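**Q** This is a predicted model, with the sequence first.
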Amino acid sequence: MTRDNDPEMVAELDRLDGAVRAAPAGDTTAQIALWRQVTGLEHWFFIARGSADQPRPYAAGAEQGPMICLYSSAARANEAARSLGLADAGGGAAPLFSVPMPAAIDYVASFDKAGVVGVALDHPRLGHYIPLANLGLLKGWIEGAAR
């Protein structure tokens, strides 16, 4: 299995989650910082649905439409799978897979053809989301940082 993301990077997401929730309405500064942190993760983790040889990511229904659930760590994906009833009843680990960054952005964006409208982070723990149409911003941040 892929090595998990740096625990300090993941913990910073919790701090940024608090900043987003405390921010005044209309102030997106904390949201931008949160999603920039997400782009700094080494891998995005997903709860696997479907067959083992062709897994697809778990998506949750939302008012806006289906949202792929991405997780900042394997531990958080397993925790979510258990809380959502997606892990085996014997207490074993949920089937997971990861996609390295920045390829994960294109991977998730490809689900627009299947009617997916966004990506939710660490659902149901955090639940912040970004529309698929905005994933280009995330990719731009990564490309800008590489220069």
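**A** Yep, it's here. Numbering: from 1, shown residues only.
**Q** before we move on, which element is residue 143 in?
**A** Per DSSP states H and E: residue 143 is located in helix 135-146.
**Q** elements contacting that helix?
**A** The contact analysis (3 or more Cβ pairs under 8 Å, 6 or more residues apart in numbering; DSSP states H and E) places helix 135-146 against helix 29-39, helix 103-109. Using the backbone N, CA and C atoms, a C-beta is placed for each residue, glycine as well.
**Q** Only the buried residues of it, if you could.
**A** 135, 138, 141 (16 or more other Cβ atoms under 10 Å).
**Q** Low-confidence ranges, the chain, go.
**A** Within the chain, the stretches with pLDDT under 70 are 1-2, 89-92, 145-147.
**Q** residue contacts, the residue lying closest to residue 83 once chain neighbours are set aside?
**A** The shortest distance from residue 83 to any non-neighbouring residue, by Cβ to Cβ, 6 or more residues apart in numbering, is to residue 124 (6.5 Å). By Cβ atoms under 8 Å, 6 or more residues apart in numbering, the residues touching residue 124 are 80, 83-84.
**Q** Just to be sure, which of those are found in strands?
**A** Among those, none falls in strands (DSSP state E).
**Q** Any idea what the spatially closest residue to residue 61 that is not a sequence neighbour is bridged to?
**A** In this structure, residue 61 finds its nearest non-sequential neighbour in residue 67, 7.9 Å apart by Cβ to Cβ, 6+ apart. Taking DSSP bridges as the rule, residue 67 bridges to residue 60, residue 118.
**Q** Counting by contacts, list what the biggest helix by length in the chain packs against.
**A** Taking DSSP state H as the criterion, the chain has its longest helix at helix 7-22. On a contact count with 3+ Cβ pairs under 8 Å, 6+ apart, helix 7-22 meets helix 29-39.
**Q** Which residues does the next helix or strand after the helix it packs on contact?
**A** Sequence-wise, the next helix or strand downstream of helix 29-39 (DSSP H and E) is strand 43-49. Strand 43-49 has contacts (Cβ under 8 Å, 6+ apart) with 2-5, 38, 55-58, 68-74, 76-77, 80-81, 84, 86, 94-101, 104, 108.
**Q** any idea which residue sits dead centre in the protein?
**A** Computing the C-alpha centroid of the chain and ranking residues by Cα atoms, centre = their mean puts residue 70 first, at 2.3 Å.
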